[in-house]
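1. Sequence and predicted structure, then a few things I'm wondering about:
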Amino acid sequence: MTKNNTRIPIFSATLDTGETITQQYFDNKSFVLFFYPRDDTAGCTIETKDFSNHKEQFSDMGIELFGVSKDDQASHKKFKKKHQLSVNLLYDHEGLMCQAFQVWQEKQMYGKTYHGIERSTFLINKNGT
């Protein structure tokens with residue numbers, strides 16, 4: 001897991017609008033990146049709705065919110081519309097962002113081992129740490 005007070009890693013991802021962004025997009029911005037396993041699953045929906053419900057409070061502090069998963073742009077659009085989400089969602093199509101933030105982890109469920117996104121949240125300041 002990425003440690004406190006370290007610089008954000010190099011990455012690129014696609015916003016739900018289709019725009020490709022890199023870590024440079026976040027220069028001089030404070031933001032939250034919350035990584036979640038899958039669109040429209042119970043826990044991920046609760047988490048994303050909660051961030052959406054508090055978006056104004058984060059905005060008042062100058063903090064932008066971005067959810068990140070490996071679900072594609074079409075899935076993100078459907079998810080946002082279905083649940084009336086207001087946060088930006090990033091599509092990490094190659095998993096490079098998940099690897100850079102060290103959230104792609106080995107997991108176990110019902111005795112089976114697999115790799116997936118470990119639900120994680122990062123608060124990043126204007127200095128990129």
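-> That came through, no problem.
2. hey, let's count contacts and neighbours off CA atoms from now on
-> Will do.
3. so where do the helices sit in the protein?
-> Per DSSP state H, the chain carries helices over the ranges 42-53, 55-60, 73-83, 96-100.
4. which secondary structure elements does the third one contact?
-> Think helix 73-83. Here helix 73-83 is seen to pack against strand 88-91 when contacts are counted using 3 or more CA pairs under 8 Å, 6 or more residues apart in numbering; DSSP states H and E.
5. Tell me how far the strand it packs on lies from the chain's centre.
-> Averaging C-alpha coordinates over strand 88-91 and over its chain gives two centres that are 6 Å apart (CA atoms, centre = their mean, to the nearest Å).
6. Also stretch 26-36?
-> Centre-to-centre, stretch 26-36 and its host chain are 8 Å apart (CA atoms, centre = their mean).
7. can you check stretch 43-52 too?
-> Between the centre of stretch 43-52 and the centre of its chain there are 11 Å (CA atoms, centre = their mean).
8. If W104 is in a bridge, with which residues?
-> For W104, the beta-bridge assignment (DSSP bridges) gives partners I117.
9. Would you mind putting the helices of the chain into JSON lines with distance to S12, mean neighbour count and mean pLDDT alongside?
-> As requested, these are arranged in JSON lines below (distance: least, CA to CA, whole Å; neighbours: other CA atoms under 10 Å; pLDDT from 0 to 100):
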{"stretch": "helix 42-53", "distance to S12": "21", "mean neighbour count": "17", "mean pLDDT": "96"}
{"stretch": "helix 55-60", "distance to S12": "23", "mean neighbour count": "14", "mean pLDDT": "97"}
{"stretch": "helix 73-83", "distance to S12": "14", "mean neighbour count": "16", "mean pLDDT": "94"}
{"stretch": "helix 96-100", "distance to S12": "7", "mean neighbour count": "19", "mean pLDDT": "90"}
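10. Need those helices in a markdown table (columns: distance to G18).
-> Converted to a markdown table, those look like this (distance: least, CA to CA, whole Å):
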| stretch | distance to G18 |
| --- | --- |
| helix 42-53 | 19 |
| helix 55-60 | 21 |
| helix 73-83 | 7 |
| helix 96-100 | 16 |
